[in-house]
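Visitor: Could you look at this predicted model? Sequence included:
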Amino acid sequence: MKRRSIACALALVGLSSTFVGAEPALADPPEVITAWFTPSEAHPGDTVEMTITFTNPEQVEVIFAYLGLAETYDSIFDNVDADYVGCTGDADPCFMHPNAPIAPSDSRTVTLTWSIDSASPCGPNIDLAYYVYAYRESSAGNIGGIAGGANLDVTC
């Protein structure tokens, strides 16, 4: 009986030492892209703003970044027509190239203005929506892909 107790005690000591020296879990990296429309609901004929924030998730500087937009399939099939009016923010040319270098965890924000055509359809499930493609280069490598998106309800 004593041998079993000693073996159990040694096993517990061994397990506890495994956890005592364990490193804490790392925090999730920040979202690379956050994007949203202001307001989140609009009508045909309205002007809206789409804000895109690019955040460097790397542990090193991003030396080059590129953003691209693609209309979602829902938006294409809904036949919402929006004209690009302009852009302001931390990019040159606005909105495609966020100003670099970008330090770890730093971000760049741009705001795009869109005018929804007054003849565009509206109603339930009618959206103006975009995917945001992000590409970045750093000493950690080159990474690209769809990284976020924004959705706007077009109501009557």
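Guide: Looks like it came in fine. Numbers count the residues shown, from 1 in each chain.

Visitor: rest of the way, CA atoms for contacts and neighbours
Guide: Will do.

Visitor: mind listing what's buried in the longest strand along the chain?
Guide: Once the chain is assigned using DSSP state E, the strand that runs over the most residues is strand 141-154. Using 16 or more other C-alpha atoms under 10 Å as the test for burial, strand 141-154 gives 146-154.

Visitor: His97 touches Ala91, doesn't it?
Guide: Yes. Applying C-alpha atoms under 8 Å as the test, His97 and Ala91 come out as touching, 5.2 Å apart.

Visitor: Near Thr55, how many other residues are there?
Guide: Thr55 has 22 neighbouring residues, counting by other C-alpha atoms under 10 Å.

Visitor: which residue sits closest to it, ignoring its sequence neighbours?
Guide: Leaving out its chain neighbours, the residue that sits closest to Thr55 by C-alpha to C-alpha, 6 or more residues apart in numbering is Ser107, at 4.1 Å.

Visitor: Let's see the pLDDT reported for the closest residue to Asn151 other than its chain neighbours.
Guide: Nearest residue to Asn151 in three dimensions, chain neighbours excluded: Ala129, at 4.3 Å (C-alpha to C-alpha, 6+ apart). Looking at Ala129, its pLDDT is 93.

Visitor: Begin at 284 from now on, thanks
Guide: Understood, numbering begins at 284; the last thing we discussed is Ala412.

Visitor: Can you show me the helices along this structure?
Guide: Listed in chain order, the helices of the chain (DSSP state H) span 285-303, 356-361.

Visitor: Quickly, which of those helices bottoms out on average pLDDT?
Guide: Among these, helix 285-303 carries the lowest mean pLDDT (a mean of 37).

Visitor: can I assume Glu341 is in contact with Asp389?
Guide: No. Using C-alpha under 8 Å as the test, Glu341 is too far from Asp389 to be in contact (9.8 Å).

Visitor: Please say which of these two ends up with more neighbours.
Guide: Between Glu341 and Asp389, counted using other C-alpha under 10 Å, the more crowded position is Glu341 (21 against 15).

Visitor: what are the phi and psi values for the more buried one?
Guide: Backbone geometry at Glu341, expressed as degrees, to the nearest 10, gives phi -80, psi 170.

Visitor: Next, count neighbours for Val343.
Guide: 15.

Visitor: Tell me the confidence at the residue nearest to it when sequence neighbours are not counted?
Guide: Excluding the flanking residues, the one nearest Val343 by C-alpha to C-alpha, 6+ apart is Pro387, at 5.6 Å. Looking at Pro387, its pLDDT stands at 94.
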